Structures are given as C-alpha cells and as structure tokens.
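Q: Any chance you can model this:
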Amino acid sequence: MLMISTLGYITWNVSPFIYEGEHFAIGWYGTVVTLAIMVVYLFQYLIYRKEKLPRSYVDVVFIACTILGTLFCHMFHCWFYDWYDIDGVLHNPTFEHPLEWLNIGHGMASHGVDFGMWLGAWIVAGKLFNCSTWWVMDRMIVSRLAFHAISRLSNIFNSEIYGNPTDLPWGMLFVNNGDTLPCHPTALYESVLAIIAIGIWWCLYNYTNASKRLGLLTGISALMMWVPRFFIEYLKPVQREFEEAFVLNMGQMLSIPYILIGLALIVYSVHTTTPATPPAIYRDGKSKRT
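A: Numbers count the residues shown, from 1 in each chain. Alright, predicted model coming up:
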C-alpha cells in the first residue's frame, strides 16, 4: 500500500509480488521488465515502418540486441560487481569458477545492456544489413532509453537500488526493508530523466536532420543517459564493500567510457562525410538498395 506521509515523504510498502502462491508467484520485477521489452519492440517497429523497411528487419534487430543485451547485462555484473575482499585481496567467484556465470542470481548491471546492444547492432549491420553499425544504433538507442525508463520502475517495486536518506518531500520510506528514514528514490530519478531523453530523441529524429548524421543520435542519447547516472550515483550508498576504497563507485567508473564515447560520436558525426545509408533490402537472397 502506498501512502503519502503528513511529515513530507512517501511510505512505500508495496509487495514485490502481484500474486504469491504456495508453488507459484508472479513478481512485479519480471512483469515490468517484460513490459519494457515489449515497448522496445514497439519503438523499433514504428521506426522501421517510418524508414519503409520490412518488419523482418525489426525482428532481426530486436532478437540480436535483446539476447546480447541481456547476456552482457548479467556478465557485466559478474565482471565488475561480484568482487569480495578476503584479507585485503579481492576475489571474484565468476573468474575463479567460470560456471558461476550461469547463475543468473548474481544480478544484472545496466551498463552491460549498452555493450550487448552495440554488439548485436554490429553483427546485424555487418552480416545482414550491409550498413553502418551506427545507423542501427541511432535507431535502437531510443528503445534502450525506453527500456531504462520502464525497467527502473521494477527496482522501486522490489524496494532496491535507492539512495541515501533525504528530507525532501518526495523521499520514499521503504518499509519492506525495515528502513526508518525516507531515502532518495534514485531509480525513479533515472526513469524520469530517461523519459525526457526519449522526448528529445524523438524530436531530433522527426524534426531535424540528426538521423542523417551517423552516430549523432547515439552520442546525444549516451550523454543524456550516462551523465545524469554519474551524478545520481553520488546520492547512493555503495553497492559492494570493495567500492568503499574507491574515489568513484563502480557505477560512475562504468559510466565514464559511455560518456566519452558519446562525446566522440557527436564530434565524429559533425565532421564525417559518410552518408547515413539505410540497410539493403534482401529479396530472394539478393541485396538491393531502396
């Protein structure tokens, strides 16, 4: 049940389950993530229809980017967050026992989604579409923003990944975790900022010539996603004990490469003369341009 406190904060004691039976349960987390994946497909369908490309192209991009995005979302967590300290020496069970990578219970890291999505776009663009990877990414990145906006709400339902205590009126008291002080709902901050970024992307794509410059939409979107994430991390406690020894936490360190890539793409897009050529259309095994 959600309640607004007269003391100026939101009491959040919503169950993480929509239905919880003796042998079967439906969680908000999985439901919200599933909805996010459906919205990803919808965005890609609308974009490729506008580009007058076959629906089969939507399916190929969606499958490749979703599978690899999910895989590297898990792998990044294993590689970068799964460390623990023993007598001053850091250990990672997924490196010491590689089969641990198969244990999805280790968690997910959102930074890995972008890497997996780029890898999927690179494979599809080079092997099937015969076009630039950035042409695919410029159109896929808005779906990434949509996924981020919706999937972050699942963290709110799970009462997880929130910030330090705050006295702001929109602070949330996560009762299910036994908290006694309202905290920054940082997942909600990221969701709202991602929605704003979607609106900016949509205006740039539809009302400017940004889509004609390879990498520009990707670069701008990368900055809109990862610059806010970098600063929002200051509102959060560290997720793992080993991060306490670092000047920047792991979320910030992983955001920096994406910010630099975003800046580099904007510079590249402004100076490149490479045309943003759309994918080839395949009919009867032969490639043709439209």
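Q: ok, for Thr277, nearest residue in space, not its chain neighbours?
A: Cys131 (5.6 Å; C-beta to C-beta, 6 or more residues apart in numbering). No exception for glycine: its C-beta is placed from N, CA and C like everyone else's.
Q: What is the neighbour count of the one you found?
A: Cys131 has 18 neighbours, counted by other C-beta atoms under 10 Å.
Q: OK, contacts around it?
A: 125, 277-280 (C-beta atoms under 8 Å, 6 or more residues apart in numbering).
Q: Mind checking what helix or strand follows the helix ranked longest in the chain in sequence?
A: Counting residues, the longest helix found in the chain (DSSP state H) is helix 133-157. Next helix or strand after helix 133-157 toward the C-terminus (DSSP states H and E): strand 172-174.
Q: Pull the distance from that following strand to the chain's centre.
A: 24 Å (C-alpha atoms, centre = their mean, to the nearest Å).
Q: What are the contacting residues of that strand?
A: Outside strand 172-174, the residues touching it (C-beta under 8 Å, 6+ apart) are 5, 9-13, 156, 159, 162, 179-183, 185, 188.
Q: which of these sit farthest apart?
A: Greatest spatial distance in those: Thr180 and Leu188, 20.2 Å, computed using C-beta to C-beta.
Q: Which one's more surrounded, these two?
A: More crowded of Thr180 and Leu188, by other C-beta under 10 Å: Leu188, with 18 against 7.
Q: okay but that one is in contact with Ser154, surely?
A: No: using C-beta atoms under 8 Å, Leu188 is not in contact with Ser154, being 11.5 Å away.
Q: okay, and for the stretch 51-200 of the chain, where does confidence drop off?
A: 87, 100-106 (pLDDT under 70).
Q: Helices of that one, residue ranges please.
A: 55-76, 93-96, 111-124, 133-157, 186-207 (DSSP state H, counting those that start in this stretch).
Q: Looking at those helices, which one is packed in the most?
A: Stretch with highest mean neighbour count among these: helix 133-157 (a mean of 24; mean count of other C-beta atoms under 10 Å).
Q: Let me know the angle separating it from helix 111-124.
A: 150 degrees (axes from the mean of the first three to the mean of the last three C-alpha atoms, to 10 degrees).
Q: For helix 133-157, name the packing helices and strands.
A: helix 28-50, helix 55-76, helix 111-124, helix 186-207, helix 216-232 (3 or more C-beta pairs under 8 Å, 6 or more residues apart in numbering; DSSP states H and E).
Q: CA-only coordinates of the third one in PDB, if you can.
A: In other words, helix 111-124. Only the C-alpha atoms of helix 111-124 are listed here, as PDB (Å, rounded to 0.1, in the frame of the first residue of the first chain):
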ATOM      1  CA  HIS A 111      25.900  -0.800 -18.300                       C
ATOM      2  CA  GLY A 112      26.200  -4.200 -19.900                       C
ATOM      3  CA  VAL A 113      22.900  -3.700 -21.800                       C
ATOM      4  CA  ASP A 114      24.500  -1.000 -24.000                       C
ATOM      5  CA  PHE A 115      27.600  -3.100 -24.800                       C
ATOM      6  CA  GLY A 116      25.500  -6.100 -25.700                       C
ATOM      7  CA  MET A 117      23.100  -3.900 -27.700                       C
ATOM      8  CA  TRP A 118      26.000  -2.400 -29.700                       C
ATOM      9  CA  LEU A 119      27.500  -5.800 -30.300                       C
ATOM     10  CA  GLY A 120      24.100  -7.000 -31.700                       C
ATOM     11  CA  ALA A 121      23.800  -3.900 -33.900                       C
ATOM     12  CA  TRP A 122      27.400  -4.500 -35.200                       C
ATOM     13  CA  ILE A 123      26.600  -8.100 -36.100                       C
ATOM     14  CA  VAL A 124      23.300  -7.300 -37.800                       C
END
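Q: ok and it relative to helix 28-50, angle-wise?
A: For helix 111-124 against helix 28-50, the angle by the same axes, to 10 degrees is 30 degrees.
Q: hang on, the earlier thing: let me know the closest of the contacts of Cys131 to Trp28.
A: Checking the contacts of Cys131 against Trp28 with C-beta to C-beta, the nearest one is Ala125 at 35.4 Å.
Q: still on that earlier bit, distance between the longest helix of the chain and the chain's centre?
A: Centre to centre, stretch against its chain (C-alpha atoms, centre = their mean), the figure for helix 133-157 is 5 Å.
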